[in-house]
Every structure is written in C-alpha cells, then in structure tokens.
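Chemist: curious how this folds, go ahead:
(2 chains)
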There are 2 protein chains.
Amino acid sequence: MKQSQMLIPTLKEIPADAEIKSHQLLVRAGYIRQIASGIYSFLPIGRRVLRKVEEVVRQEMEKIGAHEMMMSSLQPSELWKESGRWNTYGAELMRIDDRHEREFALGATHEEVVTSLIRDEVKSYKRLPLTVFQIQNKFRDEKRPRFGLLRGREFLMKDAYTFNESFESLDESYDKMFNAYTNIFRRLGLNFRAVIADSGQMGGKDTHEFMVLSEVGEDVIAYSDTSEYAANIEMAPVVTTYEKSTAALKNMEKVATPDQKTMQGVADFLGHGLEEGLKSIMFKVDDRFVMVVTRGDHEVNDVKLKNLYSADIVELASEEKTKELLGTGFGSLGPVDVPEEVEVVADLAVEMLVNVSCGANEEGYHYVNVTPERDFQVTQYADLRFIQEGDPSPDGQGLITFARGIEVGHVFKLGKFYAEKMNATYLDDQGKAQTMVMGSYGIGVSRTVAAIVEQYHDERGITWPANIAPFQVHLLSLNSKKEEQQQLADQLYDELIDAGIEVLYDDRKERAGVKFADSDLFGIPLRLTVGKRAGEGIVEMKERVTGNQSELEQSEILSVVSNWLKQ
Amino acid sequence: MKQSQMLIPTLKEIPADAEIKSHQLLVRAGYIRQIASGIYSFLPIGRRVLRKVEEVVRQEMEKIGAHEMMMSSLQPSELWKESGRWNTYGAELMRIDDRHEREFALGATHEEVVTSLIRDEVKSYKRLPLTVFQIQNKFRDEKRPRFGLLRGREFLMKDAYTFNESFESLDESYDKMFNAYTNIFRRLGLNFRAVIADSGQMGGKDTHEFMVLSEVGEDVIAYSDTSEYAANIEMAPVVTTYEKSTAALKNMEKVATPDQKTMQGVADFLGHGLEEGLKSIMFKVDDRFVMVVTRGDHEVNDVKLKNLYSADIVELASEEKTKELLGTGFGSLGPVDVPEEVEVVADLAVEMLVNVSCGANEEGYHYVNVTPERDFQVTQYADLRFIQEGDPSPDGQGLITFARGIEVGHVFKLGKFYAEKMNATYLDDQGKAQTMVMGSYGIGVSRTVAAIVEQYHDERGITWPANIAPFQVHLLSLNSKKEEQQQLADQLYDELIDAGIEVLYDDRKERAGVKFADSDLFGIPLRLTVGKRAGEGIVEMKERVTGNQSELEQSEILSVVSNWLKQ
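Modeler: Predicted structure coming up:
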C-alpha cells in the first residue's frame, strides 16, 4: 500500500487521556481513534492487525473442530429472562426497545442465544458434542471505560460454546479449548499464564483465565518460579506447613496501647514483629457474624472464607454492628472473650502461635502473651489467607512470585447452569431426555491487540511480532524529489508485492526524519530505506526490534527479505 | 468437515412465515435461523457462504485502493445532530442511552462517523482522494421486516466512503466504485442491472442502484431489451415522439356518465379506448394545487412532477380540498374551466390529442370531443408520465422491458451534503480551506446471499455457484455400516482435504434417501457418492445443477474433481 493514499494519522504528542503505553502508541501511530468513551474505530492499519489476530484465533478454533457462526447482536429480552440474567446482569448490559416496544439486549455475551438455538435444533446425542464459535463485536457498558482497548464498551470478541452429553465429555471439550487457547497466545508471541480463576456463582467446576503478564494488568497472579502453576491470588491455596512454637507459655496480660489503631502501630508500640500479633476482622457471612483471625503479617482472603461457609455473600461487618456485638470498633478487636453470637475462625498459621498480642475489645487496650486454645476458642482452623510471594507453590514445585496480568481469554465449565434454566435437553441412546452440559470460552480479540503492544514496544514505538504486524516490510524513499531514489523505490515496491510480501511504501513528500520517526512508531518488523546510494542500487535494511542494519544490493533484496521473514 | 459434527439442521416443511424461495431454502437447508422478527443467526454453512461473499467484496474493494476500517456500531447522537439526521431519520434509527444517559444511535449507516473522523484527521489536499470501507452489521428498525434476509433489522453490510477535492475527482472515485460493484456482482454470478435511481433529497448528482433481477424484488426496473440502459421506473424519461392527430375537430359536448368513476368505466361507457380519454389528477406541490393531465392509458410519475417544480413535497391533494376547489370529487375531474388557483400541467402526449373525453368537474358528467388549447389551457407540457413496456429506451437503443429487482448495492454521490453540515474541510494547494466532496457506497452482503438463492435454486433446493457454495464437494457414504463404503469414503475425505478442496462429508448414520435429499437442498455443486460399488473402488459423481452423473475410478477422482472445479 502507498502511505500517501492511506489513512494513517500519526501524532507527536501523547493523547491526554492515554495512561498506558498500548493506548498511547495505538492512537499516536494511527491504529485507532476514539469515537466516544470506551468506543473506538480501527483505522486501516489497526484493522489489518485486528484481522491477523482474528485469523490466528479462527485457525486454531477450526483445528479443534469448532464451527464458525454469526449470531445477532440484538437479543430478545425473553431469552435473558429465561436464564435470569435480565435482572442480575446489571447496568453493563445495554438494553434497547424496538419501535414496537419490544425489549432487546445488545449482545454482551451469547449464552442465552446459543442455548436457545441448540435446544431447538439439536435433539439427539448423535449430534453431540458440538462446538460453535463466532467473532463479533460485543457491547458492555463499563462504568469506567479506560486504558483504550483494554477496557472498552464495544469490542471485538471471539466467543465459543460447547455442548456435551456429560461432564466427562465437557472435560474433553474444555481441554481441547484450553490447548487451542494456549496455541493462540503462543502464536501471538505473548508471555502469558493460564491462571486458575474463580468460577463465581455459575457453579462451574473449572475455570481458567489466560493472563498476559503486564504491569498495567488489573489482576494479580500468583505463579510458580519453576513450574507452570499459576492462579488468581484469591484462588491459590496456601500449602505452607507451620511449626508449633516451642517457647515457654507466659501469662496473658492486658496493656494500654493508647492511640494505636493499626497492626504495625501496635507491633511497634509493643516492640514485636508483625507476625507476633493477631489480626482480627469481623465479617458478615450470609446471616452470621464471623471473626476471622490471622497472623498480623497475613491478609484474609474472603473468597476462601466464602468457600469455607459455602456462603452466597461475604462482606465486612459494619463498624456499628461490630460495636454492638463487641463493645468496640475496628482498631481494638481480638478473639478473647467474644460473645456467643460471634463465631471465631482462624487461619492455619494461628494454631501454631504462642505468646502473641491481640486487641482486647476495649478501645486503647491490647492483650499480650495470648495463646490460642488457652486464652480463646476457635471454631475452625482453615486456610483463610492470601498466598504471599515466597510461599511454596501449591503444586509443590518452586516458590510463588506475583505478577500483574491482563485477562485476554477465559475458559469456563458452565455445566448445566443455562441448560437447566432454559430447558436444553437431548435424547440419550436410551431415548431418555437429558440435560446438556455446556462450556463457554471467550477471547477479547481487540483487547489482545492492546496486550501485544504492552509487551511489544520500546521508547520509539511499537515492535510487532512479524506475524501480527500490519505489514511485513516498510519501504521508505528518503527523498522522492531525487529521481533515482523514486525510481528504485517504485521498482522495489512492485517486486515485493509480486513476491507476495505485504509492504507499506512511504511515498510521501516528507522529510527523512519524519519518515523514520513514523516508521519506528508503526513497528513494522523490517525497514528498507532507499536513500543516497540508490544510484548504485544499494538499499539499507534495518530490523525494527534489534536495530541491526545492513546494506543490500538490489539483486539480493528479495531473497534476503524472504528468508528473514521465514524465520 | 464431517456433517455429523456440524450444526446443519434441515427441515422438511416450509416454515410458515417464509413467503419467498430464498427465505424458505436458507431456513430449510440450515443456513440461517430467526432470532426475532427481521433478526437472524447465520449457522455454520450460512456463515461460510457469507464469508465467501464478504471476501469477493473485500478483494474488489482492495483492488480499487479502498482501505478497510472498522468503525463502531455505537454512535454518539451529537454526530447525528450535526448532520441533522437525528431528527429526520425516523424510527428506523435505533437509539439507546448509556448508563450515564448519553444518547447513542446504533449504526444504520456511517456517514456521520466517517465524516467526523476524516475532518479531524485529514487536513491537506495531499491526502486526498481517500477511500475507506468496512464490512459490519448494521441496524435498521424496519417497520415490516420480511422475506428473511431481504428485509431485516440487523444485517451485514459493506459500506464505503470516498473523500475528494472536487466533483471531478468524485466522478473518478464513483466510476471506480461503480466498476468494482459490477465486478463483484458478476463474480457472484448474478443477473443484475446497474439502475439509474433517485438521488432523493441529498442533492447528489448521480446515483445508481445495483438490482438483481427477481420476481420477488420490491422495485420495478425499466431496462432496454438491447442496450445496458436500466433505470428505476420513476427515473426513466419518456422519449417517445407523439404525432399530432390529423382528425377533424368536433365540438365539445357535455354528456351524462352516470355511475362511471374509473377511466376504464368511462371509456367503455363512451365507447372509446383508454387512450382517447384524459386522466386528471390533483396534486399538492409544496403550497400549490396542480392538476396533472395525462392520456388515459398513462400513469403520472410524481418524481417527474416534483422535479418539474423543484419541489420538496409532492402529494395527492385531499378529496375535500379538491371538492372545495373544483366542486367535485376525484371521479369527475377535468381541465376545462378550472379556477385560477389551480395550475394545469400536462404530459407531452396530451398536446397531440384531439376529440378526447375528460371529466366535467360535475359528478356524473364528462365532456367529449375535447381538444387541448381550444377547450382548456395548459401552463406547461412536460414529460410527466411513467415509462411503459414497449416505449423506446431513453438511450435510443431498443425497447423498454420491465423487471422486478432486489437492491443489493447502491452508489451515491453525496457531494458536499455532509461535509458542509459537519464542516469537513481541507487546505488546497494554495493553503485555502475547501469543503470536501464525498461519495457513499453500500452493498447489502447478507441480502446478496438471499438474492443469489433467488436466482440459484430449483425444486429440490439451492444450486450455488461454485465460488460461493459453502463447500465445493459433498461426499456421501450411503451405508456407513458397510465397512468397504466407510473405508473408501474416509480415505477419499482425507485425500480431498489434502488437495485443498473444501469438502463436506456426510458420515451420518442416515438413510440414503435422507442424505440425497439433504444434499440437493444444500446445493453444493459437486456430489461424490460412495455406494454399492465401493468394493471395486467406483464412486458416483453428480453435478448439482445439471444432474449429470458419471462413475469414476478411485484413482482418477482427484484430478477429475480438481479440473471440474477449475472451470
């Protein structure tokens, strides 16, 4: 393509609203433009990159026997009412009335539509398992759209759905999809982890998020420094084995701790380490009031608390209610002498402690030399804390490290959640009606483009992997007024195109400096510059990533470029 | 693909709501399913056809240097208010509020979005002309969605936009686009006409609709039986030259025509042909009242009337107002002795008549032996009637024939309509700000799929052109319980796939009759049947369209099939 005829508006300045590199660079280099908050247009070179990512996704979906469909974005509310999500999905689901005042949702996801379709069209076990997918714009009215393509309101997504006879069959479909996702993100050159994630209220057994490691990620991942293990930190079990303290027991005493309201403050005041104090926090777990006790250097993981009680809702108790129950506010809580209505549970680490401090349930006072079981009772000890860096990896291999991640994919065993609500059944080989077992799998295609940029850029611009770059070669003629340069560049352009190489030709009448800067910004992997030595048939080749340069004779250019691209 | 694993739900019965063949067949053969009125999902084989049509469109767009983009479906109302269409577009434009109560339109078309983008990003004549396009779902809340994909509310469209420096440059872009459209519809195997169409209120100079000839089309086309000339009937000028009657003039007389209210009734009653009576119709043209007089066998073309007066609004006058002005209702109107407020215009054919009849502006009476100019005055004679079959073609070549057409494409010179309203200017080579000149070009991609089926079907099902069919070859194993059949079919399947041929393999455990019927319904161009002679390595090949059959030896199958597909 000739750059003079293409819409690639570059910016020198960083857009004011762009906080992160992918947002800045994709806008500055003319890949995207904002239409409204969280809503973007893909300009021509952005569309090219998006299509390449799409195509990788499509190919890997087809390899596992998934069939592409295209469902509509307008979805009748009746379907969402069947699943119950019309009421539970909240303000993120965009809703619209048609001219006859029928309600529709704008597709945020397609579980309802696809379940309705399959229940109507698939009646026999002979047609199962079945895997379908589509690549399509989705709509979610995010409260705070930000980070450009990372958190948008209209975005390109690949969503896939599997329909199976049984949970065993679902496991197979899930594994296939998991492997396809792994292949996709590998082919896109991403440093990612498949992370064990919370399955939420779906009742699904397994769920993994595919996270691209990046400082700007909104999620924290705990992963092993030696194995493949990775989990959302809220999901990682702590497998540390604690040893019982052998210190001689001292007598519990109440001491004044005036104005000390934080764990660190109390520890400093009492002259001991954080790990020698108890942290006590009041939760409301469905209808009960529960005090959760951990070591002072640990943090309560409320997902684990929720799972311990199989609860629907876990939240911090209000300070008001806490005062009513314990006679004091949040700064002075402790497990000694709590009233019967309060259940005390403690992290496994607590059981091994002796002679520690804790709040005295009296403003300005703490107990010291407290020892569990002697000085307070615990209903249950369990793994209730967040994993920490340096903890052993739950799979027994290596130690845990933290990283931030951008969620680019999600694989999810739905089980019978939708099929039961929407009555999606099939006849088994005995002619008996059975509920289908489903899985749901998403990839944020446009978000993935941004994630790639987060991992592939330097101070001068984007550094695309060659298979995703909008073009393979960027051809520059430095001074198009010089006829020999113009001629050689034109000729090279035709030769490269004839050889099937995707080439962007900067034929603009701009200064060399502008052309070089734009070229670095775009991030096309290979640059060919026709400059002063055009008369001798000499062209400069430069690799975008390494900066390696070499001079090539006209006759060898095609073969050198082709070989380079093959690698 | 193996049919057993693919979602292709076929129906024996014609869906009750499907009036036309494309709707019936696309549903029956498992290409599409309705989600809601006018809203469809494309099932896997439907998606394949859609992608093939998409790809033809994309290739031809790229050939003329158009660059693909992807704009958003959510469009801020502010842009539509700038163009004025927020108020004028009406109920077809779907509107939605986001969670912050900002108004958005769901993209019915993208003139506003693209004009806003280009005005912000393109400042210099050096970047013009510029052509961009996208392929994307559009939303239009049709009052009466019908005919399946032909008139839907969410549908796939290719829309393109050109930005030029001048009207001359627009003409060039328009011609390129016109040729690309011609190539597209030719490659899709369609029998179509590029039809001169009404440019409506846009003030555009030229506009053509690409119409696929079909009995179910909603538009009537007048085309030449010998040349390329074709126009929407409302747009075709009448170039008939009429000869002045040489009959001796008779005296005008008023006669009673009791109970005769139609042209035919009056003519029969008076004993003359339709062409010997005058038809007089009252119109309201903006603020004037105009009586339009044509020959009794002609029909008034209100578009021509509108153009004659350069009017904004042309509508039939109310019967009430007509009575007020002329003292009688619609059945007895005529141009003799009309009051001054009524302007009389007449079609060119009228000028040549003598001794004709017309209404007497008195219920139950007509005049006979009326002669224009002697018995009534005409402000202006002009071409005011619809062209008719048998009229000479306006380009002077051949005679006019009528056909119905399905509009699949539209090319439109917008001129400065949007650019002026939205202030899209560029700096010319003198550094002076100039308004851009635009064109807009659409193809209904999903509608085109239906139009193809309208032209490619027989009593047994669809008969796709080979380049658009979901698969090139349909491989059937007739009795999968017979091991030799199963084995040979499996082997052939692998060989065909390895040869890069798109093959659908009916590996289902169904009766031969079911497989044949489904195969005919799908319309894949070439069928290979592995049946009784599998043991000898003999396979039957059948062409879907011609029904031609032949038996092939296993060894020759690949080469025969490949050669057939190349043709």
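Chemist: all the helices of chain A, residue numbers only.
Modeler: A:21-28, A:44-63, A:77-83, A:85-88, A:111-121, A:167-187, A:263-270, A:302-309, A:319-326, A:417-421, A:445-455, A:483-498, A:512-522, A:554-566 (DSSP state H).
Chemist: can you tell me which of these is most buried?
Modeler: Relative to the other members of the helices of chain A, helix A:445-455 carries the highest mean neighbour count by mean count of other Cβ atoms under 10 Å in any protein chain shown, namely a mean of 26. Yep, even glycine has a C-beta here, placed from its N, CA and C like the rest.
Chemist: taking helix A:44-63 as reference, get the angle to that helix.
Modeler: On the basis of axes from the mean of the first three to the mean of the last three Cα atoms, to 10 degrees, helix A:445-455 is oriented at 110 degrees to helix A:44-63.
Chemist: can you tell me if helix A:445-455 touches chain B.
Modeler: No - using Cβ under 8 Å from any Cβ of the partner chain, helix A:445-455 stays clear of chain B, coming no nearer than 9.2 Å.
Chemist: tilt between that helix and helix A:167-187?
Modeler: In this structure, helix A:445-455 runs at an angle of 50 degrees to helix A:167-187, with the same axes, to 10 degrees as the basis.
Chemist: give me the angle between helix A:445-455 and helix A:21-28.
Modeler: Between the axis of helix A:445-455 and that of helix A:21-28 there is an angle of 100 degrees, by the same axes, to 10 degrees.
Chemist: other SSEs contacting helix A:445-455?
Modeler: helix A:21-28, helix A:44-63, strand A:154-164, strand A:207-213, strand A:400-415 (3 or more Cβ pairs under 8 Å, 6 or more residues apart in numbering or on different chains; DSSP states H and E).
Chemist: try 7 Å
Modeler: Based on contacts counted as 3 or more Cβ pairs under 7 Å, 6 or more residues apart in numbering or on different chains; DSSP states H and E, the elements that helix A:445-455 packs against are helix A:21-28, helix A:44-63, strand A:154-164, strand A:400-415.
Chemist: give me the pLDDT value at the residue in the stretch 151-300 of chain A that chain B sits nearest to.
Modeler: In the stretch 151-300 of chain A, the residue that lies nearest chain B is A:Glu154 (5.1 Å; Cβ to the nearest Cβ). pLDDT for A:Glu154: 98.
Chemist: residues contacting it?
Modeler: A:Ile39, A:Asn137, A:Phe139, B:Ser72, B:Ser73, B:Leu74 (Cβ atoms under 7 Å, 6 or more residues apart in numbering or on different chains).
Chemist: can you do 6 Å?
Modeler: Contacts were defined as Cβ atoms under 6 Å, 6 or more residues apart in numbering or on different chains; by that measure A:Glu154 touches A:Ile39, A:Asn137, A:Phe139, B:Ser72, B:Leu74.
Chemist: turn the residues you listed into CSV, including pLDDT and neighbour count.
Modeler: Rendered in CSV, the data for these read as follows (pLDDT from 0 to 100; neighbours: other Cβ atoms under 10 Å in any protein chain shown):
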residue, pLDDT, neighbour count
A:Ile39, 97, 21
A:Asn137, 96, 19
A:Phe139, 97, 25
B:Ser72, 97, 26
B:Leu74, 98, 24
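Chemist: between those residues, which sits nearest B:Val122?
Modeler: Relative to B:Val122, the closest of the contacts of A:Glu154 is B:Ser72; by Cβ to Cβ it sits at 19.2 Å.
Chemist: the closest one is in contact with A:Ile39, isn't it?
Modeler: Yes - between B:Ser72 and A:Ile39 there is a contact at 4.7 Å, judged by Cβ atoms under 6 Å.
Chemist: sorry, back to before: now the helices and strands packed on helix A:445-455 in a markdown table, with distance to A:Asp391?
Modeler: A markdown table is the format used below for the helices and strands packed on helix A:445-455 (distance: least, Cβ to Cβ, whole Å):
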| stretch | distance to A:Asp391 |
| --- | --- |
| helix A:21-28 | 31 |
| helix A:44-63 | 34 |
| strand A:154-164 | 35 |
| strand A:400-415 | 5 |
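Chemist: which one of these lies nearest to A:Glu276?
Modeler: Distances from A:Glu276 to each of those were compared by Cβ to Cβ, and the smallest falls on strand A:400-415, at 23.2 Å.
Chemist: can you tell me the closest non-neighbouring residue to the residue positioned nearest the centre of chain A?
Modeler: The structure's chain A has its C-alpha centroid closest to A:Glu407; by Cα atoms, centre = their mean the separation is 1.1 Å. What sits nearest to A:Glu407 in space, not counting adjacent residues and going by Cβ to Cβ, 6 or more residues apart in numbering or on different chains, is A:Glu209, at 5.0 Å.
Chemist: show me what contacts the one you found?
Modeler: With contact set as Cβ under 6 Å, 6+ apart, A:Glu209 has these partners: A:Val195, A:Ala197, A:Glu407, A:His410.
Chemist: okay, and the beta partners of A:Ile96?
Modeler: Residues in a beta bridge with A:Ile96, per DSSP bridges, are A:Phe104.
Chemist: I'd say it and A:Phe104 touch.
Modeler: Yes - at 5.2 Å, A:Ile96 counts as touching A:Phe104 under the criterion of Cβ under 6 Å.
Chemist: looking at the two, which is more packed in?
Modeler: Counting neighbours by other Cβ atoms under 10 Å in any protein chain shown for A:Ile96 and for A:Phe104 shows that A:Phe104 has the greater number, 26 against 20.
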